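S.K.: sharing a sequence plus its predicted fold:
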Amino acid sequence: MFGEKFKRKYALSDKGISNVKKGAFWTVIVNLVVMSGMGILYYLMLNLMDSLTKGTALNFALLFIISTLVFIALSFITHLQQYRATYGLVYREVSANRLMEIYDTPLAKGESKFTPNGHNVVFENVSFAYDNEQVLKDVSFTAKEGEVTALVGPSGSGKSTCARLAARLWDNDFGKISVGGVDISTVEPETLLRDYSMVFQDVTLFDDTVLENIRIGKKTASDEEVKEAAKAANCDEFIEKLPKGYNTPIGENGAKLSGGERQRISIARALLKNAPIVLLDEATASLDVENETKVQGALSKLLKNKTVLVIAHRMRTVQAADKIVVLENGMVAEEGSPKELMQKENGIFKKMTKLQTQSQSWSV
Ligand SMILES: Nc1ncnc2c1ncn2[C@@H]1O[C@H](COP(=O)(O)OP(=O)(O)O)[C@@H](O)[C@H]1O
Ligand SMILES: [Mg+2]
């Protein structure tokens, strides 16, 4: 009943179609029962009033059939809209590969050819507002290929926004963001995202098996490759405990998994994809120290020779970065190597590091 074109247009997978159909089916059944009940009641009342002619009965039946058909159509559309609201958009952040399958028209326009000269990510006087409030103001910095650039700063200072803009999940209002000299606003998001591995805080998973959720990182990966990545991200330990192992469905947006488990799945995806630009937004934030240490090993392999933009709230992670960019109120407040910034009198980075070292020794 639903062809490929329809599925693409509405960003639906086979699973999605079946969910929409199921939802619509039950709404229709419940309402049919209620409506039939009312119909019978109406009929009895008319009968009682002794005013039921053949004509009105026919009219009534016709009205009933038409309204039922309209109702079924409306119910299907409602479920489709709901499904899209939950699942349609998340595709955008997760996978360029998957995206290509789903949309036949790009969400934002641009060239489908992307031939950057290397993968330096450069922000030049970038300003951005979600609504009216300016979130980033005149932000400039370079994340060099082969280096780890860390964005730090108080909560709400605009770090995650920078990461999203760097992947063109939104377009900046002013200034320019380029990759290897190419202005990313000229590149189709699907094409652009092929060069990015992203691990964000709000991990998006699909109502599919563990295996397929990791394979999103690289659609052509064999089961063995997927499992290897899972192992490196320290996933296999919890996956093996699931009822069907790798073939266990994980529920809507991974409802059956803990935050740390979801995060490890998204790290496995990134490892599998192995793209030249890596964006990590508090990628290990929901892991306990033991798991974090294990995953760090795999991450450091992933980060070799890539352009890495990392947002981490644990200063310990950030001390190993090549460059630190401190954001405050949406502006670059400090920039330099960790060593340089630690020598700065009254520096923000220095203060943040001190505070955390203290609180860590308190919590021990
Ligand atoms: N999707 C959004 N819509 C509207 N405002 C947002 C959105 N995401 C973040 N913001 C706002 O933008 C500012 C910067 O947020 P964010 O980039 O997430 O900061 P950080 O990652 O440094 O904590 C905050 O004031 C936040 O409330
Ligand atoms: Mg953030």
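M.R.: Noted; the coordinates are in hand. Ligands and ions are numbered 1, 2, ... in the order given.

S.K.: would you mind listing what in the stretch 1-150 of the chain touches ligand 1?
M.R.: 130-131, 135 (C-beta under 6 Å from any ligand atom). From N, CA and C alone the C-beta is placed, and that goes for glycine too.

S.K.: between the residues you listed, which has the most around it?
M.R.: Highest neighbour count within these: residue 135, with 20 neighbours (other C-beta atoms under 10 Å).

S.K.: you'd agree residue 136 is up against residue 160?
M.R.: No: in this structure, residue 136 is not within contact of residue 160 by C-beta atoms under 8 Å, at 10.9 Å.

S.K.: which one's more surrounded, these two?
M.R.: residue 136 (25 against 19).

S.K.: and that one, helix, strand or coil?
M.R.: Using DSSP: H, G, I helix; E, B strand; the rest coil, the structure places residue 136 in strand.

S.K.: and residue 37, by the same measure?
M.R.: Strictly by three-state DSSP, residue 37 counts as helix.

S.K.: what's the burial count for it?
M.R.: Neighbourhood size, residue 37 [other C-beta under 10 Å]: 10.

S.K.: got it, and residue 30?
M.R.: For residue 30, using other C-beta under 10 Å, the count is 11.

S.K.: any idea of the mean pLDDT in the helix or strand hosting it?
M.R.: Here residue 30, judged by DSSP states H and E, is contained in helix 14-48. For helix 14-48, mean pLDDT rounds to 75.

S.K.: what's the angle from the following helix or strand past it to helix 14-48?
M.R.: Once the chain leaves helix 14-48, the next helix or strand it forms, by DSSP H and E, is helix 54-83. With axes from the mean of the first three to the mean of the last three C-alpha atoms, to 10 degrees as the basis, helix 54-83 and helix 14-48 are set at 150 degrees to each other.

S.K.: elements contacting helix 54-83?
M.R.: On a contact count with 3 or more C-beta pairs under 8 Å, 6 or more residues apart in numbering; DSSP states H and E, helix 54-83 meets helix 14-48.

S.K.: what ranges in the stretch 1-150 of the chain fall below the confidence cut-off?
M.R.: 1-17, 48-55, 57, 81-107 (pLDDT under 70).

S.K.: ranges for the helices of the stretch 51-200 of the chain?
M.R.: Secondary structure of the stretch 51-200 of the chain (DSSP state H, counting those that start in this stretch): helices located at 54-83, 90-94, 96-102, 159-166, 189-193.

S.K.: starting at the chain centroid, how far to the longest one?
M.R.: This points to helix 54-83. 37 Å (C-alpha atoms, centre = their mean, to the nearest Å).

S.K.: flag every buried residue along it.
M.R.: 68, 72, 75-76, 79-80, 83 (16 or more other C-beta atoms under 10 Å).

S.K.: run through the bridge partners of residue 122.
M.R.: When assigned by DSSP bridges, residue 122 has beta-bridge partners residue 142, residue 178.

S.K.: can you pull the contacts of the residue lying closest to residue 245 once chain neighbours are set aside?
M.R.: Nearest-residue entry for residue 245: residue 239, 6.0 Å, with adjacent residues in sequence omitted and distances by C-beta to C-beta, 6 or more residues apart in numbering. Contact analysis of residue 239 by C-beta atoms under 8 Å, 6 or more residues apart in numbering lists 210, 230, 245-246, 248.

S.K.: farthest-separated two in those residues?
M.R.: 230 and 248 (12.5 Å; C-beta to C-beta).

S.K.: between the two, who's got more neighbours?
M.R.: In this view residue 230 and residue 248 are compared by other C-beta under 10 Å, and residue 230 has more residues nearby, 26 against 16.

S.K.: what's the neighbour count on residue 24?
M.R.: Residue 24 has 20 neighbours, counted by other C-beta under 10 Å.

S.K.: where's it relative to residue 251, distance?
M.R.: In this view, residue 24 and residue 251 are 21 Å apart by C-beta to C-beta, to the nearest Å.

S.K.: now swap in residue 199 and tell me
M.R.: Residue 199 sits 21 Å away from residue 251, going by C-beta to C-beta.

S.K.: more neighbours: which of these two?
M.R.: residue 199 (26 against 13).

S.K.: isn't the more buried one right up against residue 268?
M.R.: No: counting by C-beta under 8 Å, residue 199 sits too far from residue 268 to count as a contact (9.7 Å).

S.K.: how about the contacts made by the residue nearest to residue 154 when sequence neighbours are not counted?
M.R.: Closest residue to residue 154 apart from its sequence neighbours, by C-beta to C-beta, 6+ apart: residue 328 at 6.7 Å. Counting by C-beta under 8 Å, 6+ apart, residue 328 makes contact with 153-154, 157, 348.

S.K.: same question for residue 201.
M.R.: Per C-beta under 8 Å, 6+ apart, neighbours of residue 201: 160, 281-283, 285-286.

S.K.: show the pLDDT at residue 342.
M.R.: Looking at residue 342, its pLDDT stands at 94.

S.K.: that one and residue 308, how far apart?
M.R.: Distance of residue 342 to residue 308, computed by C-beta to C-beta: 21 Å.

S.K.: now do the contacts for residue 235.
M.R.: By C-beta under 8 Å, 6+ apart, residue 235 lies in contact with 210, 214, 261, 264-265, 268.

S.K.: at 10 Å instead, please
M.R.: The contact partners of residue 235, by C-beta atoms under 10 Å, 6 or more residues apart in numbering, come to 210, 214, 227, 229, 246, 257, 261, 263-265, 267-268, 271, 295.

S.K.: closest one of those to ligand 1?
M.R.: Nearest to ligand 1 among those: residue 263, at 16.1 Å, using C-beta to the nearest ligand atom.
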